[in-house]
Structures are given as C-alpha cells and as structure tokens.
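[1] Return a 3D structure for these sequence lines:
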Amino acid sequence: MSFRQYKVTPQAVARGREIGLFGDTEKRIARAARRSAQFTGEQGNRRFFDLILTVKGDQVVWVNRLDDAA
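    Okay, here's the model as predicted:
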C-alpha cells in the first residue's frame, strides 16, 4: 500500500504559517493531507485532527483550523 503524494500551494503554506504551523510547513501540510480523513463541510474536504484542508486533485490549496471562522 502506498500513500498518495500531495503538493502544497504557496497560498496554503502561507495560510499554514498564519494559523501557527511552523518548521517545514509544506511538509507538515502534505503529511496531514496523506493521513487525513474525508470531511464534508464548507471549510474544506479533508480533516486531520484540528486541521481542515481543501484538496483538489493532488494539491492542497487551503488549510484552516477547525475552530476558526476565517
């Protein structure tokens, strides 16, 4: 079994840093996308712990915290 590889857009990396993801933000978001579960909501379509991700194809285009309204 292999995991899908996700690319993270610069906008998602910038947003990740805004919400407190530091270090190698791109790698952290890609890893969260690989391990995420499907999610139905207005904020995104994948969820990993308290992160909501918007994934289109193999790209993560947005990231947010579950409790954030923005």
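
[2] So Glu42: helix, strand or coil?
    coil (DSSP: H, G, I helix; E, B strand; the rest coil).

[3] Then Val55?
    Reduced to three states by three-state DSSP, Val55 is strand.

[4] which residues does it contact?
    Residues counted as contacts of Val55 (C-beta atoms under 8 Å, 6 or more residues apart in numbering) are 6, 33, 36, 44-46, 61. In short, each C-beta sits where N, CA and C put it, glycine included.

[5] Write a PyMOL command that selects only the buried members of these.
    Buried residues among the contacts of Val55 (16 or more other C-beta atoms under 10 Å), as a PyMOL selection:
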select buried, resi 6+33+36+44+46+61
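
[6] out of the contacts of Val55, which are inside helices?
    Using DSSP state H, Ala33 are the members of the contacts of Val55 that sit in helices.

[7] of all the contacts of Val55, which comes closest to Leu53?
    Arg46 (4.2 Å; C-beta to C-beta).

[8] Which residues are in contact with the closest one?
    With contacts defined as C-beta under 8 Å, 6+ apart, Arg46 is in contact with 33, 36-39, 52-55.

[9] ok, it to Arg4 distance?
    For Arg46, the distance to Arg4 equals 11 Å [C-beta to C-beta, to the nearest Å].

[10] same question, Gly20
    25 Å.

[11] try Val63
    Counting by C-beta to C-beta, the gap from Val63 to Arg4 is 17 Å.

[12] who's more crowded, these two?
    Using other C-beta atoms under 10 Å as the criterion, Val63 and Arg4 rank with Val63 on top: 31 against 9.
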